[in-house]
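**Q** Need the 3D shape of this:
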Amino acid sequence: MDWRAFRAQLVQSEKPGNKSIGAEGSMMPAAKRWAHPILAPEAGCVLIATEKLDGQQNFERTVILLLSPGSNNPREGPYGLILNRPLLQRIKDIKPKDRAWVKHFGNCQAHLGGPMDTEVFLLLHGTSGIKGYQEVIPGVYCGTSEGLEPVAEFAKRGNRSLPQGFRFFFGYSGWGTDQLKKEIAAGLWCVAACSSDLITSTSTSGLWEGVLQLMGGKYLELSKRPRRKQY
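**A** So this is what the prediction gives:
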């Protein structure tokens, strides 16, 4: 069981008037899709832009999967990938130098991971045990273009469904050691844990609103606010 789903059950059980407690006092299974706020960033959480980022082209109404919350090392700040910025192009349209990309992943959607660098990140789900991929949350793995070769080899062995569980992100979103904490304190981001199917969904349309609505309360209200006009 995903320990995060167990935590989600606990969070649900603490809500007034909840229906997550069974007749004998045992907790009921968590809903398939869930999201709830957490106190501090952690690997695998999501950052949800608030209305204070409306008008900021890079991050307006974005949902970012945080791959690492950073460390005490000033060179290892938090970083992650924007989940809901699909590009118009597919991999075959970008015409990468490595033709293996087109052969095995040509029809995969390209996404903008963030404004930093030109590194290509790969998000994979539905399989495991591929060298060079780090598990972000149970069942979801992340690597870079350097790890594409073992994935291609995996595809050659007959796993035809692999590209559907494979997402390409160009660039990433990153912060200095204390920068993200300051932005959260200033109300630029909501920090939340959510079910993995929200992260792996092939359609990101309405993801920002969807996560906030699942969180409920003041977050539900935020999901309904129109974009702020910038003067």
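**Q** host element of residue 219?
**A** Secondary structure assignment for residue 219, by DSSP states H and E: helix 218-224.
**Q** I would like the residues contacting that helix, please.
**A** 37, 48, 50, 51, 190, 208, 209, 212, 213 (C-beta atoms under 8 Å, 6 or more residues apart in numbering). Every residue, glycine included, has its C-beta placed from N, CA and C.
**Q** Could you report the neighbour count for the nearest residue to residue 66 once chain neighbours are set aside?
**A** Nearest residue to residue 66, sequence neighbours excluded (C-beta to C-beta, 6 or more residues apart in numbering): residue 80, at 4.1 Å. Neighbours of residue 80 under the rule other C-beta atoms under 10 Å: 29.
**Q** Could you name the helices and strands sitting against the helix or strand in which residue 80 is found?
**A** Per DSSP H and E: residue 80 is located in strand 79-82. Contacts defined by 3 or more C-beta pairs under 8 Å, 6 or more residues apart in numbering; DSSP states H and E place strand 79-82 against strand 63-68, strand 109-112, strand 116-125, strand 166-174.
**Q** In terms of secondary structure, what does the third one contact?
**A** Applying 3+ C-beta pairs under 8 Å, 6+ apart, we find strand 116-125 packed against strand 79-82, strand 140-144, helix 148-156, strand 166-174, helix 196-200.
**Q** Please save the CA atoms from stretch 121-138 in CSV.
**A** Listed next in CSV are the C-alpha coordinates belonging to stretch 121-138 (Å, rounded to 0.1, in the frame of the first residue of the first chain):
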residue,chain,number,x,y,z
PHE,A,121,13.4,14.7,-17.9
LEU,A,122,11.4,11.5,-18.3
LEU,A,123,8.5,10.5,-16.1
LEU,A,124,7.6,6.9,-16.2
HIS,A,125,4.9,4.8,-14.6
GLY,A,126,3.4,1.4,-15.1
THR,A,127,6.7,-0.5,-14.9
SER,A,128,9.8,-0.6,-12.6
GLY,A,129,13.3,-1.9,-12.5
ILE,A,130,14.8,0.3,-15.2
LYS,A,131,18.3,1.4,-14.5
GLY,A,132,18.9,5.1,-13.8
TYR,A,133,15.3,5.9,-12.7
GLN,A,134,14.5,7.2,-9.3
GLU,A,135,11.2,6.4,-7.6
VAL,A,136,9.5,9.7,-6.8
ILE,A,137,6.4,8.1,-5.3
PRO,A,138,5.3,4.5,-5.4
